[in-house]
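>>> Only the shape, not the letters, is given here:
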């Protein structure tokens, strides 16, 4: 719990005092108790997809071939699993590139959060406008997959936006850059602060 | 200004007192010209207002984090004169930290663009939904034929002359609504450029993208029903942050926000 008056910009020593006494990390969304987890993953590079450290991208302008650079995490079928990450679209010379997915393993796409050439985030499956986005700035994305109720919550910048419903397990998280069926590269995006929790 | 020792002691006392309060809300002091305040119209919404005594800034960046040390994420880039924002449907049982940072710098003259009247709304929407070659839209640095004299945007005497020049906005021929922006940088020390757009019915310019220094070519796509817009490019730098403010949301058991 944060419980201290702290003018921004004062010394680290003062900050350390405050932190040591009563500041606890609380990055994940929704009530826990959450337990941090580190699922295994594989990097998927298809077509012109590339990955270098935190940077992910597609160089091809193809509108018909598979183009992806994503990190695919291990599947899960039980419990509630939360993803958190910060993404900056550094360069967008394309359109309709998916940045984060909660995928139904063996069934198909489910939650897909993509960026448009007109600078907004949208849900690919239903077309919903999720949030305005300023290209070149970072945005925080949390998703929570509730396997018990087969729904996936989308949080953008700390605000609950919507749920994706009626999922079929098992599920897995993916992030990176992926050309959607009506999209095209190129794109370069930076993902940082990737965390997972479960309960 | 308080001495460090005095300030530290004050903070320690505040920490101990604050910890006994189950739902504290604090606003820190600031030495900058920007003052941020907050209220909670519900236990899951935070309404923010800021005041800036400086007349020099071009706008403000409102940022949030859920840990005091960040990372801070922008909630919006607001032109000068716009000073309110409501952060809605927030994470329960969480402390949100907010700050505002002013941005400064000169903007180019505006460049206007509009779609041809012969393009029907139906055709516009249909073509917009289809893939199109947008690869020209990635930020690039184009060679400038004749070198230009560069000036500082941080010096009031030279800032105006350091504004980006020769801004051109044209509809890229291979697209239905892709706007190709090109300009010439005249600055020595911008942190980058803000791409600002004012659509036909907007009251002011909105920042739609940030690009790195030295970039002078960028693409942006109008989205239906937008048919006409004005663009500016601003060479910018970011100033000192406002006071840091925090608000704690209510428990998950009391959440009642609607999902659209």
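Structure received. Not measured: the values here are computed from a predicted model.
>>> show me where chain B has strands.
With strands called from DSSP state E, chain B shows them at B:34-42, B:45-52, B:59-65, B:73-79, B:84-87, B:95-104, B:111-114, B:165-171, B:178-184, B:192-199, B:206-211, B:217-221, B:228-238, B:245-248.
>>> Could you name the stretch from the ones you listed that's closest to chain A?
For the strands of chain B, proximity to chain A was assessed by CB to the nearest CB; strand B:206-211 is nearest, at 3.3 Å. Any C-beta I mention is one placed from the backbone N, CA and C, and that applies to glycine too.
>>> That closest one vs chain A: in contact?
Yes. With CB under 8 Å from any CB of the partner chain as the criterion, chain A is reached by strand B:206-211 at B:207-211.
>>> before we move on, what about stretch B:71-82?
Yes. Contact between stretch B:71-82 and chain A is present through B:71, B:73-77 (criterion: CB under 8 Å from any CB).
>>> Tell me what residue A:43 is bridged to.
With beta bridges defined as DSSP bridges, residue A:43 has these partners: residue A:71.
>>> Count the residues that sit near it.
For residue A:43, the neighbour count with other CB atoms under 10 Å in any protein chain shown is 12.
>>> swap in the one 3 residues further on?
The burial metric for residue A:46, expressed as a neighbour count using other CB under 10 Å, is 14.
>>> right, and it touches residue A:62 too?
No. Under the contact definition of CB atoms under 8 Å, residue A:46 does not touch residue A:62, with a separation of 11.2 Å.
>>> Give me the spatial nearest neighbour of residue B:170, chain neighbours excluded.
Once flanking residues are discounted, residue B:170 sits nearest to residue B:180: 5.3 Å by CB to CB, 6 or more residues apart in numbering or on different chains.
>>> Mind listing the residues bridging to the residue positioned nearest the centre of chain B?
Using CA atoms, centre = their mean, the residue of chain B that lies closest to the mean C-alpha position is residue B:77, 2.0 Å off. With DSSP bridges applied, the residues forming beta bridges to residue B:77 are residue B:61.
>>> residues in contact with it?
Under the criterion of CB atoms under 8 Å, 6 or more residues apart in numbering or on different chains, the contact list for residue B:77 reads A:134, A:137, B:59-61, B:103, B:194, B:206-207.
>>> which ones are touching residue 76?
Using chain A. A:39, A:145, A:147, A:169-172, A:198.
>>> Correction: the question concerned chain B.
Taking CB under 8 Å, 6+ apart as the definition of contact, the neighbours of residue B:76 are A:132, A:134, B:61-62, B:85.
>>> run the last query once more with 6 Å
By CB atoms under 6 Å, 6 or more residues apart in numbering or on different chains, the contact list for residue B:76 reads residue B:62.
>>> What separation is there between it and residue B:198?
Residue B:76 sits 16 Å away from residue B:198 when distances are taken as CB to CB, to the nearest Å.
>>> rewinding a little: count residues in the vicinity of the residue nearest to residue B:170, would you?
By the measure other CB under 10 Å, the count of residues near residue B:180 is 18.
>>> same question, the one 5 residues further on
For residue B:185, the count of nearby residues is 23 (other CB under 10 Å).
>>> do the same with residue B:67
As a burial measure, residue B:67 scores 17 neighbours (other CB under 10 Å).
>>> measure it to residue B:156 for me?
With distances defined as CB to CB, the gap from residue B:67 to residue B:156 amounts to 37 Å.
>>> So residue B:142 is in contact with residue B:217, correct?
Yes. Using CB atoms under 6 Å, residue B:142 and residue B:217 qualify as a contacting pair, with a distance of 5.0 Å.
>>> Pretty sure residue B:124 sits against residue B:223.
No. Judged on CB under 6 Å, residue B:124 makes no contact with residue B:223 at a distance of 9.8 Å.
>>> So the two - more neighbours on which side?
Neighbour totals were compared for residue B:124 and residue B:223, and residue B:124 leads with 20 against 17 (other CB under 10 Å).
>>> okay, that one: pLDDT?
With respect to pLDDT, residue B:124 scores 97.
>>> ok, it to chain A distance?
Applying CB to the nearest CB, to the nearest Å, the value for residue B:124 to chain A is 13 Å.
>>> Quick one: neighbours of residue B:145, just the number.
Using other CB under 10 Å, the number of residues around residue B:145 comes to 6.
>>> related to what we said a few turns ago, in CSV, list the residues of strand B:206-211 next to chain A along with distance to residue B:54.
Listed next are those as CSV, based on distance: CB to CB, whole Å:
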residue, distance to residue B:54
B:207, 19
B:208, 24
B:209, 25
B:210, 21
B:211, 25
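>>> Would you reformat those as TSV and include distance to residue B:117, pLDDT and neighbour count?
Listed next are those as TSV, based on distance: CB to CB, whole Å; pLDDT from 0 to 100; neighbours: other CB atoms under 10 Å in any protein chain shown:
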residue	distance to residue B:117	pLDDT	neighbour count
B:207	29	96	26
B:208	24	95	23
B:209	28	96	25
B:210	33	96	24
B:211	31	97	23
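>>> ok, now which ones touch residue B:229?
For residue B:229, the contacting residues are B:113, B:197, B:199, taking CB under 6 Å, 6+ apart as the criterion.
>>> Any buried residues in stretch A:68-80, and which?
The neighbour-count criterion (16 or more other CB atoms under 10 Å in any protein chain shown) identifies A:68-73, A:76, A:80 as the buried residues of stretch A:68-80.
>>> Sketch out the low-pLDDT regions of the stretch 151-260 of chain B for me.
Applying pLDDT under 70 to the stretch 151-260 of chain B picks out residues B:258-260.
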